[in-house]
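Undergrad: fold the following and give me the result.
(one chain, ligands or ions: 2)
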Amino acid sequence: MYDDMTFSHSLKSLYTLFTPNNQQTYTSQLFLPPNHNFISNMSARIGVADLPELTELAPASPTLAELLQYDEKMPPPHHVLEMNQMKNEPHAYPFVLSFTNLTYSVKVRGKFGLPDVFGARKTPESVPATVAEPVRGEKLFSKNKVLLNEVSGVAKDGEIMAVLGASGSGKSTLIDALANRIAKGSLKGEITLNGEQLDSKMLKVISAYVMQDDLLYPMLTVEETLMFAAEFRLPRTLSKSKKKQRVQALIDQLGLRNAANTVIGDEGHRGVSGGERRRVSIGTDIIHDPIILFLDEPTSGLDSTSAYMVVKVLQRIAQTGSIVIMSVHQPSYRLLGLLDRLLFLSRGQTVYSGSPSNLLSFFADFGHPIPDKENRTEFALDLIRELEGSPGGTKSLVEFNKSWQVLKRSRRAVTGNETPTHNLSLKEAISASISRGKLVSGATSTDVNPNNMVPSFANPMWMEILVLSKRSIKNSFRMPEIFATRLGAVVVTGFILATMFWKLDNSPRGVRERLGFFAFAMSTTFYTCADALPIFIQERFIFMRETAYNAYRRSSYVLSNSLVSIPSLICLSIALAIITFWSVGLDGGASGFLFYFLIILASFWAGSSFVTFLSAVVPHVMIGYVIVVAILAYFLLFSGFFINRDRIPDYWIWFHYISLVKYPYEAVLHNEFQDPTKCFVRGTQIFDGSPLALADESLKLKMLENMGETLGFKITATTCLTTGSDLLKQQGVTELAKWDCLLITVAWGFFFRILFYFCLLLGSKNKRR
Ligand SMILES: Nc1ncnc2c1ncn2[C@@H]1O[C@H](COP(=O)(O)OP(=O)(O)O)[C@@H](O)[C@H]1O
Ligand SMILES: [Mg+2]
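TA: Numbers count the residues shown, from 1 in each chain. Ligands and ions are numbered 1, 2, ... in the order given. Sure thing, here's the model as predicted:
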């Protein structure tokens with residue numbers, strides 16, 4: 001089939017195993033640049049050409065789209081395209097993303113203005129032409145800062161477009177704008193894909209956004225990380241073995257073969273290198289082979305070789321038919337060779353836009369020729385910085401760029417070398433892409449409407465819950481010290497309580513100590529839950545990244561998060577119940593123990609739900625701890641232990657009812673004092689704790705006798721004066737039965753889980769305004 005062995009080799013390493021045999025001619029002519037030998041030479045140089053022969057894994061290798069249709073027993077829908085017709089146009093660009101006059105500004109408040117939260121989130125009504133010009137009608141102190149000023153450009157598939165500029169020049173803002181991460185009303189200008197306006201739902205499915213930081217679970221290996229991404233984002237109709245093959249292909253594509261079984265690692269654990277980490281991070285986002293890939297500074301923080309490797313990988317991805325748009329802080333000379341299109345920004349304005357090779361003539365024409373030995377981009381960035389510092393600013397360069405663009409366009413029109421435009425509609429282009437094996441998560445439907453062609457979620461909910469749970473269990477097993485610490489804390493607390501309150505008796509003093517024990521034990525369960533706080537705060541960014549592109553539903557996350565926490569809560573409850581129940585000498589035998597265990601479990605459940613909810617609200621672990629500790633202290637204060645319900649002032653009584661500690665506390669009191677025949681104050685014990693406590697025993701008996709005479713019945717040294725139910729009344733624990741308390745505690749847990757869900761829904765919109 002091939003006349004050129006090098007070419008076939010590079011094809012194998014470049015394309016995943018999903019490329020069909022019968023479409024290879026079409027694919028190769030259309031999407032590989034003519035200098036394909038160059039690619040294979042480059043891959044050989046960085047060592048990726050020595051990959052296993054992928055075709056051996058899947059001999060027939062149909063496209064994913066075909067596989068899916070095969071599974072669904074439906075006729076392949078994507079044969080609308082005339083392959084022969086396409087063959088004759090090797091320079092057709094199926095995808096062209098163009099953006100025109102993107103303008104975005106935010107309000108910045110002056111020194112004396114109100115902080116941002118009050119109103120800075122509003123959409124600015126008018127955009128001033130220049131930076132820092134106050135808008136009429138606005139407060140004196142508020143200014144409009146223009147972050148993007150009429151930025152235009154075109155990006156095509158097969159190419160890497162790089163946004164360059166000093167830090168603060170608006171690179172991230174531009175990438176955010178293109179990736180639809182800026183709220184609609186705030187961004188002015190137009191973004192189109194193949195001439196059609198993109199709606200956000202569509203963009204979400206066909207694109208991927210790689211954040212500047214690598215947010216990965218440190219204890220998973222490279223392969224596992226990618227496999228979980230595959231399970232989330234590849235459709236369920238794809239068999240497990242196919243997903244595995246995709247992961248293996250991706251590992252090779254990313255050049256991660258040697259690191260496949262290494263854990264990602266973090267500060268405390270040795271893991272993969274920074275460059276590898278970055279590539280894994282990119283891999284998790286491109287597992288479904290998106291058509292548009294946005295990356296914010298994928299090379300920052302990497303040494304030049306790692307940076308080169310990363311961009312090399314991006315180039316390979318682009319050559320499979322994707323648009324790659326990335327920002328670069330300062331590209332090395334080698335790296336520049338990989339970039340097809342550059343866009344220099346300075347304070348939100350375009351100062352150069354074109355190919356790297358044109359940089360020389362551009363700056364020569366501008367009157368600042370680049371010296372021979374100088375790195376072109378460094379020279380350009382230095383010049384821009386110099387101009388920024390000069391009185392005129394970069395205005396001259398911006399103007400020069402505008403006229404230069406016009407000149408270039410007219411020159412191109414004369415030579416007939418027009419900018420190639422798309423000649424496929426968006427729908428057709430996506431269909432063509434899918435039949436080539438791209439956009440793996442799509443292609444499950446025969447509908448030509450792209451909105452239906454690409455389902456929002458790849459998997460049903462139960463599947464998501466399963467995979468999420470599997471992942472968190474795997475993570476917890478890799479870090480057993482976390483659970484061990486929690487269990488240790490509970491055991492130590494239990495042991496201290498057991499020895500402090502060893503075998504309490506049924507005297508009035510015993511009753512007082514029992515009350516103290518219960519109040520402390522129940523609030524301890526809540527305090528122990530505070531360590532669930534960092535879990536979500538740390539996971540939040542991974543969660544936001546994953547849900548931003550519909551890896552799974554937010555509800556699945558909440559459910560799996562709750563489910564996974566339960567086994568450990570059961571262990572903790574058993575430990576605390578066993579250590580304290582008999583040593584303190586609590587009442588109720590086996591059934592009493594069972595209830596005691598259940599109420600501890602319910603408290604742990606409510607506590608962990610409460611803390612999980614808080615972790616979604618507070619931005620920082622330290623703030624979280626402060627709030628948790630304060631609120632739990634108030635819960636204890638209002639629980640009814642320190643002050644009875646009837647003594648709490650009316651305006652504070654609501655706090656009593658929302659006190660999470662109240663319900664388990666009352667439940668254990670019921671459990672302890674429910675036996676109406678059990679006596680806690682007998683005969684002369686009535687004087688315990690009163691000024692007469694130190695009086696002679698015979699004197700006390702005499703007084704009892706006199707009291708009995710006054711009251712009209714006989715009181716002896718053994719007469720029971722206070723039973724368990726009397727005690728409950730004294731404590732004001734009368735409103736709820738013990739099982740009600742248990743149910744309410746459990747219900748609180750569910751309530752906070754639901755709140756947690758809503759916080760996630762509202763809080764992770766993840767868009768600029
Ligand atoms: N919400 C905002 N309010 C005010 N200024 C902002 C806001 N967001 C970004 N900026 C400013 O906009 C400029 C561009 O930011 P950014 O796009 O992140 O730059 P880059 O990625 O090129 O370093 C910076 O000067 C930054 O301080
Ligand atoms: Mg940035």
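Undergrad: residue 299 contacts residue 331, correct?
TA: Yes - using C-beta atoms under 8 Å, residue 299 makes contact with residue 331 at a distance of 7.4 Å. Quick note: C-beta positions are derived from backbone N, CA and C, even for glycine.
Undergrad: who touches both of those two?
TA: Counting by C-beta atoms under 8 Å, 6 or more residues apart in numbering, the common neighbours of residue 299 and residue 331 are residue 307.
Undergrad: contacting residues around the residue nearest to residue 502 when sequence neighbours are not counted?
TA: Nearest non-adjacent residue to residue 502, counting by C-beta to C-beta, 6 or more residues apart in numbering: residue 583, 6.2 Å away. Contacts for residue 583 (C-beta under 8 Å, 6+ apart) come out as 498-499, 501-503.
Undergrad: can I get the residues you listed in TSV with pLDDT and secondary structure?
TA: Formatted as TSV, the contacts of residue 583 follow (pLDDT from 0 to 100; DSSP: H, G, I helix; E, B strand; the rest coil):
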residue	pLDDT	secondary structure
498	95	helix
499	95	helix
501	94	coil
502	94	coil
503	92	coil
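Undergrad: for these, which two are the farthest from each other?
TA: Pairwise distances among those were taken by C-beta to C-beta; the largest, 10.5 Å, belongs to 499 and 503.
Undergrad: count of residues packed around residue 613?
TA: 20 (other C-beta atoms under 10 Å).
Undergrad: relative to residue 751, how far out is it?
TA: The spacing between residue 613 and residue 751, counted by C-beta to C-beta, to the nearest Å, is 9 Å.
Undergrad: check residue 145 too.
TA: Counting by C-beta to C-beta - residue 145 and residue 751 are separated by 42 Å.
Undergrad: same check, this time on residue 329
TA: 47 Å.
Undergrad: and residue 174, by the same measure?
TA: Residue 174 sits 43 Å away from residue 751, going by C-beta to C-beta.
Undergrad: and the two? Which one has more around it.
TA: More crowded of residue 174 and residue 751, by other C-beta under 10 Å: residue 174, with 28 against 15.
Undergrad: tell me the contacts of the closest residue to residue 661 other than its chain neighbours?
TA: Once flanking residues are discounted, residue 661 sits nearest to residue 639: 4.0 Å by C-beta to C-beta, 6+ apart. Counting by C-beta under 8 Å, 6+ apart, residue 639 touches 519, 522-523, 656, 659, 661-662, 665.
Undergrad: repeat that for 10 Å
TA: Neighbouring residues of residue 639 by C-beta atoms under 10 Å, 6 or more residues apart in numbering: 518-519, 522-523, 645, 655-656, 659-666.
Undergrad: let me know the closest of these to residue 595.
TA: Residue 595 has its nearest neighbour among those in residue 664, at 11.0 Å by C-beta to C-beta.
Undergrad: what is the burial count for that closest one?
TA: Using other C-beta under 10 Å, the number of residues around residue 664 comes to 29.
Undergrad: isn't it right up against residue 741?
TA: Yes - contact criterion C-beta atoms under 10 Å: residue 664 and residue 741 qualify, at 6.8 Å.
Undergrad: how near is the closest residue to residue 695 other than its chain neighbours to residue 167?
TA: Among residues not flanking residue 695 along the chain, residue 687 sits closest, at 6.8 Å (C-beta to C-beta, 6+ apart). Applying C-beta to C-beta, the value for residue 687 to residue 167 is 79 Å.
Undergrad: would you enumerate the residues in contact with the residue nearest the centre of the chain?
TA: By C-alpha atoms, centre = their mean, the chain has its centre lying nearest to residue 543, at 2.0 Å. By C-beta under 10 Å, 6+ apart, the contact list for residue 543 reads 215, 468, 536, 551-552, 554, 557, 561, 616, 760, 764.
Undergrad: what is whichever strand or helix holds residue 201 packed up against?
TA: Of the helices and strands defined by DSSP states H and E, residue 201 is found in helix 200-206. With contacts defined as 3 or more C-beta pairs under 10 Å, 6 or more residues apart in numbering; DSSP states H and E, the packing partners of helix 200-206 are strand 187-193, strand 292-295, helix 426-435, helix 450-453.
Undergrad: try it again with 7 Å
TA: Contact partners of helix 200-206 among helices and strands, from 3 or more C-beta pairs under 7 Å, 6 or more residues apart in numbering; DSSP states H and E: helix 450-453.
Undergrad: how far does stretch 583-598 sit from the chain's center?
TA: 42 Å (C-alpha atoms, centre = their mean, to the nearest Å).
Undergrad: actually stretch 333-342, not the one I wrote
TA: That offset, for stretch 333-342, works out to 32 Å (C-alpha atoms, centre = their mean).
Undergrad: next: stretch 247-264.
TA: 23 Å.
Undergrad: get me the contact residues on the stretch 151-300 of the chain for ligand 1.
TA: Residues of the stretch 151-300 of the chain found near ligand 1 (C-beta under 6 Å from any ligand atom) are 165, 167-173.
Undergrad: report the two of these separated the most.
TA: 167 and 173 (12.0 Å).
Undergrad: higher neighbour count, these two?
TA: residue 173 (25 against 10).
Undergrad: the strand or helix carrying that one - what's its average pLDDT?
TA: Applying DSSP H and E as the criterion places residue 173 in helix 171-178. For helix 171-178, the mean pLDDT works out to 92.
Undergrad: report all helices and strands that it contacts.
TA: Right, helix 171-178 is packed against strand 96-109, strand 142-156, strand 160-164, strand 323-328 by 3+ C-beta pairs under 7 Å, 6+ apart.
Undergrad: burial of residue 672, as a residue count?
TA: Residues contacting residue 672 under the criterion other C-beta under 10 Å number 24.
Undergrad: and it, how far from residue 551?
TA: 49 Å.
Undergrad: over to residue 466?
TA: Residue 466 sits 14 Å away from residue 551, going by C-beta to C-beta.
Undergrad: could you do residue 615 as well?
TA: Using C-beta to C-beta, we find residue 615 at a distance of 20 Å from residue 551.
Undergrad: next one: stretch 471-481 to chain centre, how far?
TA: With C-alpha atoms, centre = their mean, you get 18 Å for stretch 471-481.
Undergrad: list the buried residues for that stretch?
TA: Using 16 or more other C-beta atoms under 10 Å as the burial criterion, the residues of stretch 471-481 that qualify are 471-472, 475-476, 478.
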